[in-house]
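> Quick check, what structure comes out for this input:
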Amino acid sequence: MATYVLEILDGDRAGETLPVGDRTLRIGRKPGNDLVLADEKTSGVHAEVVLEGDRHVLRDLGSTNGTFLDGKRVTEIVLTPGDVVTVGRLRVRFREEGAAAAADAGDLAVHKLDASRLQRRGGSITLLAGLVVAGLGVGGYLWWQGRGAGEGGEAGRAHAPKAPLAIPGNRLAAAIANCDSEEGWNPRAAGAPFQPTTSAHTGTGAFEASRPEGADAADFAVLRLAEPVSVLAGRTFTLAAHLRCRGEAKVALRAVCFPNGDAGPLRYRTGSAFAVPAAWERVEAVVSVPTGCDRMQFEVVALLPGADAAVAVDDVAILEAGASTAIEHKATESSQTLVGTGSALAIRSTDPENPATLVALSTDSVPPAMAGLQRAGLCVLSDLGVRPEVTATERSFVVDTKGVDALIFVFPAESAGGLLVEGAEPGFGSAPAESEFTGKRLVLGDRATRAMLQFDAPVVCKGQLGGGLYRLRVQSARTEIVLGFRSERLEASELLRQAKTRLQEGRPGQALDLLRELVRKVPMDSEFLAQAQTMRAEVLATQGERLRQLDQALDEAAFFDTRGAFERVAQGVTDVIALYGENNLEDAASANALRERAMKRLAEMDSANVDAQRKRLDALAKAFQGSGQAGLAQLVNSYAERHLGSGLQGSETAPGGSRK
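Coordinates of the predicted model:
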């Protein structure tokens, strides 16, 4: 077998060569490379040359400024002796060792023709140009064939591309399925870009994603079709592609099913688990189209955790074939329907204005290599090979996702508006949507989207709003999603009826107690909960108005400073507390403060009245004493002690009634 070298053509090292053996040869600016090129346009680790079979393959390693052959940027090529590759701003030639350095263009270089000049010269010149080009093409073909034979034949055949793979029944046009160009594809759908490469499974091209340089570079890439494929609900499709991974890379195929023209949130995203095909390998994902969907998007998702990670894709197919069944269960008590395919689940409501009760189910319990994909909100359960088990009852769905220890329930953002949580102790209470809390049962949504998540034991939950969605993370792999509330509705109806009766009987405090019991115990039915909240607001408004009137009466009492006015205020507040119950006061502290102010002024008035009486009795006792009526003086003094709490000043008498 011939031996080869890389020859530097530019710079002060022009003419230097480096042997190309059977080990990987790295090219770049950093000193650790095998071929160090001191050029600022060359990346630290720019490209590599590896031996695959009897072919030497050059791969760009996600360089900033690219690698070029004949002016065309390449990500992977099979090197042919004489190829001149531009790395940064320097050129490197791949040639046989010992072969004389050839001119850059070679003996069979085809020179550019000035097309505009030929058009002005007329048709005969155009015909002549065509003949020249055709002749050169034939000559080049014969030269290639002879060259291949001269190299032993087998090597020549190894360099020739295989014919593009044609798969009967493929829903994709051949030009798209062959991946020979970007036609029909979106190679930059998310993360790092997929780029065309000439190292293909069949045909002349494929797509490859590699890890870009830089600490902030994306560690994943997503390739999508430019336009989704039309499908029929209930049909089963097999998605297939030939894939190849390098380094620590992993790859998965996905389908995204959705209704045409629907701007709603429902998207069913599922596919194959991440795999590591080291050589070109056909990977498949089988998907059934859920009810209500008539479009399918195809995705290739690559994980690129290391600097040498790369994923290549070629020969893509979407076939109406395979064994799979779409998921569809109805909760008869609410008529809400759980719909899904593979690992993708959603719950559809009966309200056309709010069609989604649950948008999706996912997890953030992912390995480190998937962290970037998770942060971008693009992880799905099928990535981990997890398929939820669903058990349906008349009123609920039990979802068990063995293989993960935490789930993320994705709801429409509006569902978080009335979040209610019950912890270890019985009774629901409100909780901020964007907070961390512990709950055994959670109620959220409204009317047709009302739902309750129920766990075997209290679990830690954390909510996050964003992008029109509410993501609720729960530390549990098993959850019962309750959608029908027939028994709770009956109980709430009875509590509401009793509360109305108590209110009509003039017992608003008991009515508030019943309404509180409804909210804490059975708040599952939105309609009855709304009625209870309206009634409570009306009762509290009446209560607040009465306390406002008493506060105004206290101001008037202070102006006129009459005892009766202060007594009416103090008694009025006492009556309000007795009527409603202190635990039902909307602002108990303010009500008690109002009563204390009135009572304080009454106490001040009583104290002043006692002082005045004491002075009068003291004067009377002194008068009796002065007139020699000691017995009467003693009688007055005794009265003062009994009724005023102390003796009179200056009216002390000796035993037996005589004054000292």
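> Tell me where the chain is predicted with low confidence.
Counting by pLDDT under 70, the chain shows low-confidence ranges at 1, 100-161, 262-263, 645-660.
> try 50 this time
102-159, 651-660 (pLDDT under 50).
> Which secondary structure elements does the lengthiest helix in it sit against?
Assignment by DSSP state H gives helix 588-626 as the longest helix of the chain. If you count contacts as 3 or more CB pairs under 8 Å, 6 or more residues apart in numbering; DSSP states H and E, helix 588-626 packs onto helix 526-560, helix 563-580, helix 630-644. All C-beta spots, glycine's among them, are computed from the backbone N, C-alpha and C.
> what helices or strands is the shortest one leaning on?
So the one you mean is helix 630-644. helix 588-626.
> residues of the helix it packs on that come out buried?
Residues of helix 588-626 classed as buried by neighbour count (16 or more other CB atoms under 10 Å): 591, 594-595, 597-599, 601-602, 614, 617-618, 620-622, 624-625.
> Same question for stretch 414-433.
Across stretch 414-433, burial judged by 16+ other CB under 10 Å covers S415, A416, G418, L419, L420, V421, E422, F428, A431, A433.
> just the CA coordinates of it, formatted as PDB?
Taking Å, rounded to 0.1, in the frame of the first residue of the first chain, the C-alpha atoms of stretch 414-433 are listed here in PDB:
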ATOM      1  CA  GLU A 414     -53.600  29.900  32.700                       C
ATOM      2  CA  SER A 415     -53.900  26.600  34.700                       C
ATOM      3  CA  ALA A 416     -51.600  28.000  37.400                       C
ATOM      4  CA  GLY A 417     -53.900  30.900  38.200                       C
ATOM      5  CA  GLY A 418     -55.800  29.100  40.900                       C
ATOM      6  CA  LEU A 419     -53.300  26.600  42.200                       C
ATOM      7  CA  LEU A 420     -54.400  24.900  45.400                       C
ATOM      8  CA  VAL A 421     -52.200  22.500  47.400                       C
ATOM      9  CA  GLU A 422     -53.000  20.000  50.100                       C
ATOM     10  CA  GLY A 423     -50.000  18.800  52.200                       C
ATOM     11  CA  ALA A 424     -49.600  16.100  54.800                       C
ATOM     12  CA  GLU A 425     -52.600  17.500  56.700                       C
ATOM     13  CA  PRO A 426     -56.100  17.500  55.200                       C
ATOM     14  CA  GLY A 427     -57.200  20.800  53.600                       C
ATOM     15  CA  PHE A 428     -56.300  22.700  50.500                       C
ATOM     16  CA  GLY A 429     -54.700  26.100  50.600                       C
ATOM     17  CA  SER A 430     -53.500  28.500  47.900                       C
ATOM     18  CA  ALA A 431     -49.800  28.500  46.800                       C
ATOM     19  CA  PRO A 432     -47.800  30.900  44.500                       C
ATOM     20  CA  ALA A 433     -47.500  29.200  41.100                       C
END
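> before we move on, the earlier item: chain center to the longest helix of the chain, what's the gap?
The chain centroid and the centroid of helix 588-626 are separated by 69 Å under CA atoms, centre = their mean, to the nearest Å.
> Kindly calculate the angle that it makes with helix 526-560.
Calculated by axes from the mean of the first three to the mean of the last three CA atoms, to 10 degrees, helix 588-626 forms an angle of 30 degrees with helix 526-560.
> which residues in the stretch 351-500 of the chain form strands?
354-358, 360-362, 389-392, 396-400, 407-412, 420-422, 428-430, 436-444, 451-466, 469-474, 478-482 (DSSP state E, counting those that start in this stretch).
> Burial check on the residue nearest to L540 when sequence neighbours are not counted, number of neighbours?
For L540, ignoring the flanking residues on the chain, the nearest one in space by CB to CB, 6 or more residues apart in numbering is E586 at 4.8 Å. Applying other CB atoms under 10 Å, we find 16 other residues in the vicinity of E586.
> Over to E586. Which of the three states is it?
coil (DSSP: H, G, I helix; E, B strand; the rest coil).
> and it, backbone torsions?
phi -70, psi -30 (degrees, to the nearest 10).
> What residues does it make contact with?
L540, Q543, G544 (CB atoms under 8 Å, 6 or more residues apart in numbering).
> List the buried residues in stretch 533-550.
Neighbour-count burial for stretch 533-550, counted by 16+ other CB under 10 Å, picks out M535, R536, V539, L540, Q543, R546, L547, L550.
> do the same with stretch 40-56
Within stretch 40-56, the residues that count as buried by 16+ other CB under 10 Å are K41, T42, S43, V45, H46, A47, E48, V49, V50, H56.
> go on, stretch 300-313?
300-305, 307-313.
> Select, out of the strands of the stretch 351-500 of the chain, the one closest to W185.
Closest approach to W185 among these is made by strand 360-362 (25.3 Å; CB to CB).
> For G271, see how far away the residue nearest to the spatial centre of the chain is.
Nearest residue to the geometric centre of the chain (CA atoms, centre = their mean): G377, 5.0 Å. With distances taken as CB to CB, to the nearest Å, G377 is found 16 Å from G271.
> what does L69 give?
34 Å.
> who's more crowded, these two?
G271 (26 against 16).
> show me the contacts for the more buried one.
L239, A252, L253, R254, A255, A285, V287, E299, V301, G342, V380, S382.
> for this protein, what spans make up the helices?
Going by DSSP H, the chain shows helices at 115-121, 123-150, 154-159, 174-177, 371-375, 486-504, 508-521, 526-560, 563-580, 588-626, 630-644.
> between those helices, which gets nearest to L472?
Per CB to CB, nearest to L472 of those: helix 371-375, 15.9 Å.
> tell me which residues of the closest one are tucked away?
Buried, per 16+ other CB under 10 Å, within helix 371-375: A371, G372, L373, Q374.
> Same question for stretch 66-81.
G66, T67, F68, L69, V74, T75, E76, I77, V78, L79.
> So what touches it?
Counting by CB under 8 Å, 6+ apart, 2, 4, 46-47, 49, 55-60, 83-87, 94-96, 99, 159, 195-199, 208, 210, 312 sit against stretch 66-81.
> make it 6 Å
47, 55-60, 85-87, 94-96, 159, 195, 197-199, 208 (CB atoms under 6 Å, 6 or more residues apart in numbering).
> and it, how far apart are its ends?
From its first residue to its last, stretch 66-81 covers 21 Å (CA to CA, to the nearest Å).
> What is the nearest of the buried residues of helix 371-375 to N637?
Q374 (90.9 Å).
> residues contacting that closest one?
Taking CB under 6 Å, 6+ apart, one finds D364, V366 in contact with Q374.
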